[in-house]
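K.L.:
Please work out how this folds:
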Amino acid sequence: MEEALQPVYIYSPEYVHLCDDVNSKVPRRASMVHSLIEAYGLLREMRVVKPKVATMEEMAAFHTDAYLQHLRKVSEEGDNDDPETVEYGLGYDCPITEGIYDYAAAIGGATLTAAEHLMEGKARIAINWPGGWHHAKKDEASGFCYLNDAVLGILKLRQKYDRVLYIDLDLHHGDGVEDAFSFTSKVMTVSLHKFSPGFFPGTGDVNDIGLGKGRYYSVNVPLEDGITDDKYYQICEGVLKEVFTTFNPEAVVLQLGADTIAGDPMCSFNMTPEGIGKCLKYILQWQLPILILGGGGYHLPNTARCWTYLTAVILGRSLSSEIPDHEFFTEYGPDYVLEITPSCRPDRNDAQRVQEILESIKGNSQENHAIWLTWATPPLLICAII
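P.N.:
Have a look, this model is predicted:
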């Protein structure tokens, strides 16, 4: 692959070690992912770029100064007793550990580094697998997410691109990103996710479509347990075809959380990396600048399998079934293969309900297009159309 067109891969040993050590929800995951990608020889086909660390000013493009200052304070002191801590969402889901501010700044800086390379024309695809923390709000940590690097990446891309499309294929609703852009027509958010009573974060019904000028620019696809590759791809392609035609994006931010994969402790969807890979191929054929992020994924070997496979999809490479010998080889037993076999979990996505969701999204898309025509078309031409 010609060097100028090589995907950018965000990595440094310091970055990976920080991600391994500080985020207690996915210990060693960053190293496992990177090691497997390296073991398959994929690094040779990408431009490896060391990430910068985000400054407080850069993180404040989205997050409040008060939240960032509190995060830095508790990160240094390891103080769980501060009464403001709970108000900022820090605690059970987002525990305070030493160095958590540095971790947040590293994640944010890595995604900003990736976005900058796209904006400068140094690559068309930039990958930050340790990123994709989509739940954090402007003044609140949420769902293992201390900083919303996806929002920071979108805001950075908006400095060059007028319309940015955010696609979230994580098991969980991308609520933090949707909330950030719910009032604007310049960013469209699309989220496919599990939606059922009591399941975090409890948002993202098909009727959640955005507000004000952002009405119809939030697209939510609520799904039930057990969905498999073929049905998921059918839904994903149908929605994205409608979105692409209506919104005509200039750049894409794509979150590829691996907690949809069979075997994940979330015990919900029944996907394999091949299913997500088909969705990725569909998006890649748009030939737009794409910022690719990780996200959830709590079965660590399967997450490494998934993101390594998706890296190969980006590169147009086929990979050997046998896991290569490397530092974490023993984690892939007892079969030591790249493929993931779906479980016998029943698919609870009723065909009629899926059709209703798709019809609703299509109707909203057509309404969006009609509103756009009203804004964009001179009054005399509207009369002629009528």
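
K.L.:
all contacts plus neighbour counts: C-alpha atoms, from now on.
P.N.:
Will do.

K.L.:
show me the contacts for the spatially most central residue of the chain.
P.N.:
Most central in the chain under Cα atoms, centre = their mean is residue 255, positioned 1.7 Å from the mean C-alpha point. Listed by Cα atoms under 8 Å, 6 or more residues apart in numbering, the contact partners of residue 255 are 132, 166-170, 292-295.

K.L.:
Let's see which of those residues end up in strands.
P.N.:
166-168, 292-293 (DSSP state E).

K.L.:
Let me see the contact set for residue 215.
P.N.:
182-183, 185, 209, 368.

K.L.:
From those, list just the buried residues.
P.N.:
Buried by 16 or more other Cα atoms under 10 Å: 182-183, 185, 209, 368, out of the contacts of residue 215.

K.L.:
now this structure, which segments are flagged as low pLDDT?
P.N.:
1-4, 79-81, 371-386 (pLDDT under 70).

K.L.:
helices and strands around the lengthiest strand in it, which ones?
P.N.:
Across the chain, the longest stretch assigned as strand under DSSP E is strand 187-194. Packing partners of strand 187-194 (3 or more Cα pairs under 8 Å, 6 or more residues apart in numbering; DSSP states H and E): strand 164-168, helix 175-181, strand 218-223.

K.L.:
Pull up the pairing partners for that strand, direction included.
P.N.:
strand 164-168 (parallel), strand 218-223 (parallel) (DSSP bridges).

K.L.:
how about the CA coordinates for it, as CSV?
P.N.:
Extracted in CSV, the C-alpha atoms of strand 187-194 (Å, rounded to 0.1, in the frame of the first residue of the first chain):
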residue,chain,number,x,y,z
VAL,A,187,-23.5,16.3,13.1
MET,A,188,-25.7,13.3,12.5
THR,A,189,-25.5,10.5,15.1
VAL,A,190,-26.5,6.9,14.3
SER,A,191,-26.5,4.2,17.0
LEU,A,192,-27.3,0.5,16.8
HIS,A,193,-27.6,-0.9,20.3
LYS,A,194,-29.4,-3.1,22.8
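
K.L.:
Return the distance of it from the chain's centre.
P.N.:
10 Å (Cα atoms, centre = their mean, to the nearest Å).

K.L.:
just stretch 160-175 next, same as before
P.N.:
Using Cα atoms, centre = their mean, the offset of stretch 160-175 from its chain centre is 7 Å.

K.L.:
how long is that stretch end to end?
P.N.:
24 Å (Cα to Cα, to the nearest Å).

K.L.:
Same check on stretch 160-171?
P.N.:
So stretch 160-171: terminal residues 30 Å apart, Cα to Cα.

K.L.:
Residues touching it, excluding its own?
P.N.:
Against stretch 160-171 from outside (Cα under 8 Å, 6+ apart): 119, 154, 157-158, 174, 186-194, 247-260, 269, 295-296.

K.L.:
Return a PyMOL selection command for the buried portion of these.
P.N.:
A single PyMOL command is used to select the members of the contacts of stretch 160-171 judged buried by 16+ other Cα under 10 Å:
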select buried, resi 119+154+157+158+174+186+187+188+189+190+191+192+193+194+247+249+250+251+252+253+254+255+256+257+258+259+260+269+295+296
